[in-house]
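> this one's sequence-less:
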């Protein structure tokens, strides 16, 4: 199956491997100009060399507090707007709750939930202008029961809730959030 993303501008976090890389490739093959975001700028550049439509490489670490602002500024300057936002980057830890540190929990919630919220907020007006869409990549861990993934499960449960809330809030502005 192929999709037509001709003329669309997309941004994908966690684009250097796995699901993020696959999404980037599908969007680009479908005609979108894609901004690739991840910590490994070298790996992003390798992927970008294989893509059509003049991709934009944005090395960024979402565990940095100002990352959403910096990503948005650079992406909007480079793309001139945004039609599709894919929030895929995540921190996943498998550790028993009694061994978890506050720092590990904070980083997981920061990257997997807060920064997604802030990226959505920073790209809201450009997405309203294009009747764009947001795709937040969650996990079956969001419903709990995963054993040693308490912080990860909590972050993905929060992400599911955020996604539903933004879908309700932004639907009347023409933006789909899934």
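Cool, got the structure. Keep in mind it's a predicted model, so treat the numbers as computed, not measured.

> name the residue most distant from the centre of this structure?
Residue farthest from the centre of the chain, counting by CA atoms, centre = their mean, is residue 98 at 29.6 Å.

> per-residue pLDDT, that one?
pLDDT for residue 98: 91.

> likewise for residue 145?
67.

> quote the end-to-end distance of stretch 9-27.
Chord length of stretch 9-27, first to last residue, is 9 Å (CA to CA, to the nearest Å).

> for the closest residue to residue 90 other than its chain neighbours, which residues are in contact?
Nearest non-adjacent residue to residue 90, counting by CB to CB, 6 or more residues apart in numbering: residue 112, 5.0 Å away. For the C-beta atoms, the positions are set from N, CA and C on the backbone; glycine is no exception. Residues near residue 112 by CB atoms under 8 Å, 6 or more residues apart in numbering: 90-91, 152, 155-156, 158-159.

> ok, residue 112 to residue 57 distance?
Per CB to CB, to the nearest Å, residue 112 is found 23 Å from residue 57.

> so what does the closest residue in space to residue 133 that isn't next to it in sequence have for phi and psi?
Distances taken as CB to CB, 6+ apart place residue 176 nearest to residue 133, at 4.3 Å, with adjacent residues excluded. Torsion angles at residue 176 (phi, psi; degrees, to the nearest 10) stand at phi -90, psi 130.

> from residue 92, how far off is residue 176?
From residue 176 to residue 92 the distance is 26 Å (CB to CB).

> same question for residue 56.
With CB to CB as the criterion, residue 56 and residue 92 are 26 Å apart.

> neighbours around residue 152, how many?
Neighbour count of residue 152, defined by other CB atoms under 10 Å: 23.

> which residues touch it?
Applying CB under 8 Å, 6+ apart, the residues contacting residue 152 are 90-94, 108, 112, 139, 141, 146.
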